[in-house]
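[1] 3D, please:
(2 chains)
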Amino acid sequence: MRIGVVTFPGSLDDRDAQRAVRLAGGEAVALWHGDEDLRGVDAVILPGGFSYGDYLRCGAIARFAPAMRAIIERAHAGMPVLGICNGFQILCESHLLPGALTRNDHLHFVCRDQRLRIESNATAWTSDYAVGQEIVIPLKNGEGGFVADERTLDELEGEGRVIARYVGVNPNGSRRDIAGISNAAGNVVGLMPHPEHAVEELTGPTTDGLGFFTSVLTALVAGRS
Amino acid sequence: MTLDTVERAESTPDTEQPYADLGLKPDEYARIREILGRRPTSSELAMYSVMWSEHCSYKSSKVHLRQFGDKQPEGGWPQLMVGIGENAGVVDVGDGWAVTFKVESHNHPSYVEPYQGAATGIGGIVRDILSMGARPLAVMDPLRFGPADAPDTRRVLPGVVAGIGGYGNCLGLPNIGGEVVFDPTYAGNPLVNALCVGAMRHEDVHLASAKGVGNLVILYGARTGGDGIGGVSVLASETFDADGPAKRPSVQVGDPFMEKLLIECTLEVLRAGLVEGIQDLGGAGISCATSELASNGDGGMHVHLDRVILRDPTLSPEEILMSESQERMCAIVSPANVDAFMDICRKWEVEAVVIGEVTGSGRLTIDWYGDRIVDVPPRSVAHDGPVYDRPMARPAELDALRAQDPSTLPRPRTPEELRETLLAMVASPNLASKAWVTSQYDRYVLGNTVLAQPEDSGMIRIDEEGGLGVAVSTDCNGRFVRLDPYEGARLALAESYRNVAVTGARPLAVTNCLNFGSPEDPAVMWTFAEAVRGLADGCLELGIPVTGGNVSFYNSTGDTAILPTPVVGVLGVIDDVERRTPMAWGPDGEILYLLGDTGEDFAGSEWAHAMHGHLGGIPPRADLAREKLLADILIAGSRDGMLTAAHDVADGGVAQALVEMALRSGVGARVWAPDGLEPAVFLWSETPGRAIVVVPRSEEMRFTAMCAARGMPAYRIGAVDSGLGTDAGYPGEQVLEFTGQFAIPLAALREAHEATFPRLFGPALTV
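    Residues are numbered from 1 along each chain as shown, chains lettered A, B, ... in the order given. Predicted coordinates:
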């Protein structure tokens, strides 16, 4: 299975996402923001970082990249897409996901090992987790507070599209402790914490993040058979 | 406004020039006239003034720094691939990998404008590492501030931390360690040092030299603006219209996004084999880059200064030469490779322009729209600056200071006093948790961070297949250096060396950032000279070379110099990062050993400072042969799987080390003092050459036999025990118990340890 990882100018965790894909057993394919050709990938990850320096709203420029045109089109057709941190911001700016990410309520950048509860395993990226399962993966952001209007939040909750929630500490003021959401079809997922930094005992707090990457491989295999 | 050309300089020899305002002494100005055989043009004067400044020329320190090169083993240092003098030194770490690392100061800008000062400090050191051909892998920041509760510290510290985070996080480099130290002498003069480490294959090492007549000089990266010009605004206002541009801020402004593009772009052009020589633009900007490249190469270069892409079109040529705009690099590229070079720059959206070419003239010539404004021998600018052997005098008050023996200070004796002291010490600003600071830095990015703060060293995996890695630590107790600069510098070296060894890595090389007061003060100069002598002797004895570093003078407020602060960074190599030794102990039953003897060493200690505000006496001696033996045992223990944890004993003594280990682990322990040792001495003395190691029972015989055979004293001082709560009166809690003295729940220790920074600097998420 070929999983593409897009590098925008200012992407930082692209190599990490590629490593996570490899450790999960997939083939990582480097995609370039300026290239509309998705090189035959089966799924796409938009990695963390500061695309274009995030000098405008986070993700606001990246969404216009040629690669994003192709990704948006394929996402509507059901291709699995995972946006991590800056990637989540890009998915919101692209209107593949509702809501927006705003500056942390405490106004500091924060890097911590964050406890999450998986709220839905009905997506392409969370199927290998159990609902209610708690995991610890790194979180690192300055603008990670998820906001949306009450109706949208109710809708997300009602449709089971909140895929992960912060447990213990809400690290950025996200509404309803939301750490990640999906689209209605469940193929597009945005997540503020970083599962790609929790894939090896040696370098991560846990290996709890691997499930996101094995899930999509499972989903793709199921889709093909 | 008349352009001051070479021709005009020749015809107007008597023009008054503002050399004194640019910081040049009359004899230095006279020497420039002698070198050129005429008066310098204003552009030349600007170039000489910045390149001959203390910051760029090391004119006061050079005569002492030579020892780092002179004191070396017969046949040279086997591990050294590139030594002092390049942008950063390079060491061979095996398996075809080379590592480069360096620490630099950005002290004064960080006081004026904490955020940008600290941010551009990171930017500058990262470009130094990049210009050696290495991929930057991690950063660390040794920081020092005035009193923790001083209002100005509350301005400077949060700004510095935000600047380091804002730049480093956006650049995508993990921040893996550093120091935060408070002392009243740093009020008004904080120390903001920045270290970067990078790695490359042996064949990818690049140097800053302009070789090959006809090769082209390419300036790429950010546009050149009016920031960071400093002294040159003096020249501009003296020489040119008073109506010209106003003096600009002399603190540079950083753009980490541009630096990230510059890193990726530079690594791509280097790996594609398109570059003959490369240099970053830092202090003294284009003046420094062109003169150093030419001086290190075939000796000649011609530059068309009007081709430089400007952010501000009103800049004068003098200002362009001096601008310290960030995120710029200079590459020497053969004509055949220029198109390919430019293609890669376009891919990364980095602007680039050919500004000149390498010539065989032996001169650095610079034109401004066809007029010659600079014609100098490049070596005279870059390397043959003035050298001063400044007067030195042992500080008059040193004997009185050393006579104030801390043995007269009242020490805690009762269990209650000992317990109170422990809580006060772990909460004191220098020993308190630094999580408020480090949680604002990304330690995970790049996915190779094996150890990060609060571990003894930061450790990075270099080779994902083979497991090869490096560990880096920085240390300095300025109080020791104040009381005995020779020994104090050796103690800083010893501590940093030990911090690397406790993680299981073998120390290999040294970098230093020598922060001192004014070199014009003979007492400061003597202190500096002694510290350099101590460090050079120590490095020779330990067998690890100084590969580069930085001197920062004039760190004083009024007549008060800072504590002399030679920050020492040690880099070590570990064959397999899976074998690293962390500081958190494991499960019940593991045994704690204190390696090394404990003396009554309170002179310059954190206990004397925090509990009594005392600085005096004679600090301990650094026994480097003993440090080597300790390192051998720690490395063997890691390699042979005999240790589950280890921690250096330094600031705050055994007590601090035990608390840090317990909090990192979350499991309690019973501890007792070796026979005959007074509890307070056991807990807070700072005798060097010691470490606490944690040994599984199954390895105890083997480990103690090794220590006995090699003559390393090993004292059994405790055991990991998760079941102490009930008997100690804290049911259900993890407890640290000092047998026969007192017990204290880890929760209470954690509360004391972690509350200090949020109380001082405002709430933040820290855990």
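[2] so where do the strands sit in the stretch 301-450 of chain B?
    According to DSSP state E, counting those that start in this stretch, the stretch 301-450 of chain B carries its strands in the segments B:328-333, B:352-359, B:364-368, B:371-376, B:449-451.
[3] Show me what counts as buried in the longest one.
    By neighbour count on 16 or more other Cβ atoms under 10 Å in any protein chain shown, the buried set for strand B:352-359 is B:352, B:354-359. C-beta coordinates here come from the backbone N, C-alpha and C atoms, glycine included.
[4] out of the strands of the stretch 301-450 of chain B, nearest to residue A:209?
    Among those, strand B:449-451 comes nearest to residue A:209, with 14.8 Å by Cβ to Cβ.
[5] Not counting the helix or strand just after that closest one itself, show me its contacts.
    Once strand B:449-451 ends, the next helix or strand along the chain (criterion: DSSP states H and E) is strand B:458-461. When contacts are taken as Cβ atoms under 8 Å, 6 or more residues apart in numbering or on different chains, the neighbours of strand B:458-461 outside the stretch itself are A:202-203, B:137-138, B:140, B:174, B:176-177, B:197, B:448-452, B:467-473, B:503, B:505, B:574, B:577, B:580.
[6] could you give the mean pLDDT of strand B:458-461?
    The average of the pLDDT scores along strand B:458-461 is 98.
[7] near chain A at all, the next helix or strand after that strand?
    Helices and strands here follow DSSP H and E; after strand B:458-461, the next one along the chain is strand B:469-475. No: against chain A, strand B:469-475 shows no contacts by Cβ under 8 Å from any Cβ of the partner chain, the least distance being 9.7 Å.
[8] Quick one: list the elements packing against strand B:469-475.
    Taking 3 or more Cβ pairs under 8 Å, 6 or more residues apart in numbering or on different chains; DSSP states H and E as the contact definition, the neighbouring helices and strands of strand B:469-475 are strand B:97-105, strand B:135-145, strand B:175-182, strand B:191-201, strand B:458-461, helix B:485-501, strand B:565-574.
[9] pretty sure residue B:535 contacts residue B:490?
    Yes: checked against Cβ atoms under 8 Å, the pair residue B:535 and residue B:490 is within contact range at 7.0 Å.
[10] so how far is residue B:134 from whichever residue of chain A sits closest to chain B?
    With Cβ to the nearest Cβ as the measure, the residue in chain A that lies nearest chain B is residue A:53; the distance is 2.9 Å. With the distance defined as Cβ to Cβ, to the nearest Å, residue A:53 ends up 24 Å from residue B:134.
[11] Which one's more surrounded, those two?
    Summary of the neighbour comparison: residue A:53 and residue B:134, criterion other Cβ atoms under 10 Å in any protein chain shown, with residue B:134 having more neighbours (26 against 18).
[12] quick one: contacts for that one?
    Residue B:134 is in contact with B:90, B:98-100, B:198-200, B:204, counting by Cβ under 8 Å, 6+ apart.
[13] Which pLDDT value belongs to residue A:53?
    For residue A:53, the pLDDT comes out at 86.
[14] so what's it closest to, chain neighbours aside?
    Taking Cβ to Cβ, 6 or more residues apart in numbering or on different chains, and ignoring the residues beside it in sequence, residue A:53 has residue B:257 as its nearest neighbour in space, at 2.9 Å.
[15] So the one you found sits against residue A:61, correct?
    No: taking Cβ under 8 Å as the definition, residue B:257 is not a contact partner of residue A:61, at 11.0 Å.
[16] Can you show me the strands along chain A?
    Here chain A has its strands, by DSSP state E, at A:2-7, A:27-32, A:43-46, A:81-84, A:100-102, A:110-118, A:134-141, A:145-147, A:162-166, A:178-182, A:188-191.
[17] what would these look like in JSON lines with mean neighbour count?
    Putting the strands of chain A into JSON lines (neighbours: other Cβ atoms under 10 Å in any protein chain shown) gives the following:
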{"stretch": "strand A:2-7", "mean neighbour count": "24"}
{"stretch": "strand A:27-32", "mean neighbour count": "18"}
{"stretch": "strand A:43-46", "mean neighbour count": "29"}
{"stretch": "strand A:81-84", "mean neighbour count": "30"}
{"stretch": "strand A:100-102", "mean neighbour count": "20"}
{"stretch": "strand A:110-118", "mean neighbour count": "22"}
{"stretch": "strand A:134-141", "mean neighbour count": "23"}
{"stretch": "strand A:145-147", "mean neighbour count": "21"}
{"stretch": "strand A:162-166", "mean neighbour count": "23"}
{"stretch": "strand A:178-182", "mean neighbour count": "28"}
{"stretch": "strand A:188-191", "mean neighbour count": "28"}
